[in-house]
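Undergrad: The following block contains a protein sequence and its predicted model.
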Amino acid sequence: MEPIQAAEALDFSLLALFARASLTVQIVMVLLIVASFWSWAIIIQKFLTFATARREAARFDRAFWSGEPLDDLYDRLSDTPSGASERIFAAGMTEWRRSHRDDGALIPGGVSRIDRAMNVAIQREEGRLFRGLSFLATVGSTAPFIGLFGTVWGIKTAFEGIAMSQNTSLAVVAPGIAEALLATALGLLAAIPAVIFYNKLSGDAERVTGNWEAFADEFSTLLSRQLDGEA
């Protein structure tokens, strides 16, 4: 009964397990905790970013399809475009105006330049949208193995303590094993949300960029129709 009573007397709270862990395991735990907090910061920031992008896109769509002349809309938005859709539209309209000669005729290759200008703007906005998601993917794929390393190291340290004390009682074995397993738990705690929200946010980002690309195609079609009418 004495080994069991000694084990029960030990403090198995998370802070106590962290304090008793070896320096290597403590470093692993701190690294995983920081990665988890950083992941949640990215997740929250991305949810806010995507919500803002959807609101801006809906507002711009209403303005674009309101019947207002495109030149007037461009003059109103070009100085301070507030959203990605507005910046993509402004990039296309800027190239549209640059592609006309003084007599009003379109410079050859103007339509392809307009398409490239909008594609560059879309790629720029896409880079902003996907920024940070690679960190979630990295945490999701590496955190379990980092935690496993901490567990293996903690178990190794526990067995070294058993060999030095020549005592295999529960009071000697349990603390070291518990500290080691805490590293694995922290690794899973960091990895699981990172993987789930990486997949969720990647899908959301692809849908948003798909809407931008669809708008660019529609806008290019409108400009082509206008050119055909002028011809």
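TA: Nice, thanks for sending it over. Residues are numbered from 1 along each chain as shown.

Undergrad: so Met29 is in which element?
TA: helix 23-64 (DSSP states H and E).

Undergrad: Summarise which helices and strands that helix is packed against.
TA: Counting contacts by 3 or more Cβ pairs under 8 Å, 6 or more residues apart in numbering; DSSP states H and E, helix 23-64 is packed against helix 70-77, helix 84-98, helix 110-130, helix 133-165, helix 170-230. Backbone N, C-alpha and C define where each C-beta goes, glycine included.

Undergrad: which residues does the residue lying closest to Glu213 once chain neighbours are set aside contact?
TA: Of all residues not flanking Glu213 in the chain, Ile122 sits nearest, at 6.2 Å (Cβ to Cβ, 6 or more residues apart in numbering). For Ile122, the contacting residues are 88, 209, 212-213, 216, by Cβ atoms under 8 Å, 6 or more residues apart in numbering.

Undergrad: Which one of those sits in the busiest neighbourhood?
TA: Neighbour counts for the contacts of Ile122 peak at Ile88, which has 26 neighbours (criterion: other Cβ atoms under 10 Å).

Undergrad: And Ser134, how far from Ile192?
TA: As judged by Cβ to Cβ, to the nearest Å, Ser134 and Ile192 stand 18 Å apart.

Undergrad: Comparing these two, which residue is more hemmed in?
TA: Ile192 (14 against 11).

Undergrad: The closest residue to that one other than its chain neighbours: how many residues sit nearby?
TA: Closest residue in space to Ile192, ignoring its immediate chain neighbours: Gly140 at 7.9 Å, by Cβ to Cβ, 6+ apart. Gly140 has 20 neighbours, counted by other Cβ under 10 Å.

Undergrad: Pretty sure Gly140 sits against Ala194.
TA: Yes. Counting by Cβ atoms under 8 Å, Gly140 sits close enough to Ala194 to count as a contact (3.9 Å).

Undergrad: quick one: contacts for the residue nearest to Arg54 when sequence neighbours are not counted?
TA: Leaving aside its chain neighbours, Arg54 sits nearest to Val208 (7.2 Å; criterion: Cβ to Cβ, 6+ apart). Neighbour list for Val208: 50, 53-54, 57, 129 [criterion: Cβ under 8 Å, 6+ apart].

Undergrad: So what touches stretch 177-186?
TA: 12, 14, 17-18, 20-22, 25, 28-29, 32-33, 36, 144, 147-155, 157-158.

Undergrad: neighbours around Gly147, how many?
TA: Neighbourhood size, Gly147 [other Cβ under 10 Å]: 26.

Undergrad: tally of neighbours for the closest residue to it other than its chain neighbours?
TA: Computed as Cβ to Cβ, 6+ apart, the closest residue to Gly147 that is not its neighbour in sequence is Gly187, at 2.0 Å. Other residues lying near Gly187 total 27 when counted by other Cβ under 10 Å.

Undergrad: For Phe135, give me its contacts.
TA: Counting by Cβ under 8 Å, 6+ apart, Phe135 has contacts 38-39, 42.
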